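In: sequence? don't have it. structure:
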């Protein structure tokens, strides 16, 4: 069964490469934050995308596809400007991005207006795939799906009774806190504090004083690499002895290296970690390490997977026509380092694995993993 699937993919790819060999390179647009407080993560996404492109071009025995990369800075306005440039000037046939949910939401109407397929591999705000945009797909978990998968496990394993919530003040941060606080509440966990901070914050001491007074037995944090590293280091400096868990960059090498010893014991719910078992993941880790001299993180995997999904859709379509690419995306059956990806009718990916990890001696050890289910139809 597996061999048959790969053979079909290979044949489709070969047919596609022959059909475009006399043409100029096909261009895919990528919008990611390459500067600012989440630049670590946007760069990792781009690294994964480049690795996927290299594998694809090698497989086709030609180099018909290229990535055109723009820095959206996780800003809605900058991301829209980047999308306009990619569509109007560079003539890209599809878009990948734009990392932050607010930036992705801002680009979605533009993709629909110009009839350009748009795939995000990171943005997790739940309602993005509920906006009836036929050009939009998401190869990432939603905040709600991740919370549903791990809330019960966290509540029981950490014996949580009183939890404080801290998140970055954007759509993703608010959505993550909403999802986990609601699901943890169903398991008897009380919300004793909710606080937000802005991207790029460097002083968390006032917020941490509130955390100490809340007398929580656990703190859930939604933060990316730079913000999260500063927050966790200051939490440890403040002398707060508490269970720390959350979503974001917690299992990445960049985060662990920045935080150092303060990362010990932290739990994280993530859609990918390099310590996942399986041959497919081992092959991906080996290839990524050879190229970039470090372990891939969830953002590298997101870039790798979303780029492969889009490239396979174009290959199967044997066309750059948007309608044909979208039809191919709907039929996606992609075997990734972290499981199998398919899409619902609304463009939401499901079937791939997510993991709960705990950082031990700077290694994100897998506590448990589970397949991400399709969201319930509304």
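Out: Received, thanks. Only a predicted model underlies this, so the values are computations on that prediction, with no experimental measurement involved.
In: Could I get the full set of strands for the stretch 1-150 of the chain?
Out: Secondary structure of the stretch 1-150 of the chain (DSSP state E, counting those that start in this stretch): strands at 26-32, 65-71, 94-97, 118-120, 136-138.
In: Residue 299: which of the ones you listed is closest?
Out: strand 26-32 (8.9 Å; CB to CB). (Each C-beta comes from the backbone N, C-alpha and C, glycine too.)
In: quick one: average confidence on the closest one?
Out: Averaging the model's pLDDT scores along strand 26-32 yields 97.
In: Can you tell me which helices and strands it packs against?
Out: Packing partners of strand 26-32 (3 or more CB pairs under 8 Å, 6 or more residues apart in numbering; DSSP states H and E): helix 39-59, strand 65-71, helix 76-88, strand 94-97, helix 298-317.
In: so where's the stretch 251-378 of the chain shaky on pLDDT?
Out: 378 (pLDDT under 70).
In: Can you show me the helices along it?
Out: 253-259, 279-292, 298-317, 322-330 (DSSP state H, counting those that start in this stretch).
In: Comparing these, which comes out most buried?
Out: Ranked by mean neighbour count under mean count of other CB atoms under 10 Å, the helices of the stretch 251-378 of the chain are led by helix 298-317, which reaches a mean of 27.
In: Compute the inter-axis angle for it and strand 65-71.
Out: 140 degrees (axes from the mean of the first three to the mean of the last three CA atoms, to 10 degrees).
In: any idea of the angle helix 298-317 forms with helix 39-59?
Out: Between helix 298-317 and helix 39-59, the angle comes out at 30 degrees (the same axes, to 10 degrees).
In: for helix 298-317, the distance to its chain's centre please.
Out: Mean C-alpha position of helix 298-317 versus that of the full chain (CA atoms, centre = their mean, to the nearest Å) differs by 12 Å.
In: what does stretch 323-335 give?
Out: On CA atoms, centre = their mean, the centre of stretch 323-335 falls 19 Å from that of its chain.
In: swap in stretch 147-166?
Out: Remark: stretch 147-166 is offset 21 Å from the chain centroid, using CA atoms, centre = their mean.
In: Now do the buried residues in it.
Out: Across stretch 147-166, burial judged by 16 or more other CB atoms under 10 Å covers 147-151, 153-155, 157-158, 160, 163-166.
In: Which of those fall in strands?
Out: In strands, judged by DSSP state E, the following of those are found: 163-166.
In: What is the nearest of these to residue 130?
Out: The closest of these, once distances to residue 130 are taken by CB to CB, is residue 165, at 23.5 Å.
In: right, and the closest one touches residue 190 too?
Out: No. Applying CB atoms under 8 Å, one finds residue 165 not in contact with residue 190, separated by 11.3 Å.
In: Distance-wise, check residue 141 relative to residue 68.
Out: For residue 141, the distance to residue 68 equals 27 Å [CB to CB, to the nearest Å].
In: cool, residue 46 as well?
Out: Here the criterion is CB to CB. By it, residue 46 lies 11 Å from residue 68.
In: joint contacts of these two?
Out: Taking CB atoms under 8 Å, 6 or more residues apart in numbering as the criterion, residue 46 and residue 68 both touch residue 30.
In: Comparing those two, which shows the higher neighbour count?
Out: residue 46 (22 against 18; other CB atoms under 10 Å).
In: can you tell me which residues contact the nearest residue to the more buried one once chain neighbours are set aside?
Out: Counting by CB to CB, 6 or more residues apart in numbering, residue 46 lies nearest to residue 32, which is 5.6 Å off, once chain neighbours are set aside. Contacts for residue 32 (CB under 8 Å, 6+ apart) come out as 42-43, 45-46, 69-72, 97-99, 303.
In: Tabulate the helices and strands packed on strand 26-32 in JSON lines, adding columns for distance to residue 284.
Out: Below are the helices and strands packed on strand 26-32 laid out as JSON lines (distance: least, CB to CB, whole Å):
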{"stretch": "helix 39-59", "distance to residue 284": "8"}
{"stretch": "strand 65-71", "distance to residue 284": "18"}
{"stretch": "helix 76-88", "distance to residue 284": "27"}
{"stretch": "strand 94-97", "distance to residue 284": "18"}
{"stretch": "helix 298-317", "distance to residue 284": "7"}
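In: I'd like the strands of the stretch 1-150 of the chain as TSV, with distance to residue 251 appended.
Out: As requested, the strands of the stretch 1-150 of the chain are arranged in TSV below (distance: least, CB to CB, whole Å):
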stretch	distance to residue 251
strand 26-32	19
strand 65-71	25
strand 94-97	22
strand 118-120	20
strand 136-138	20
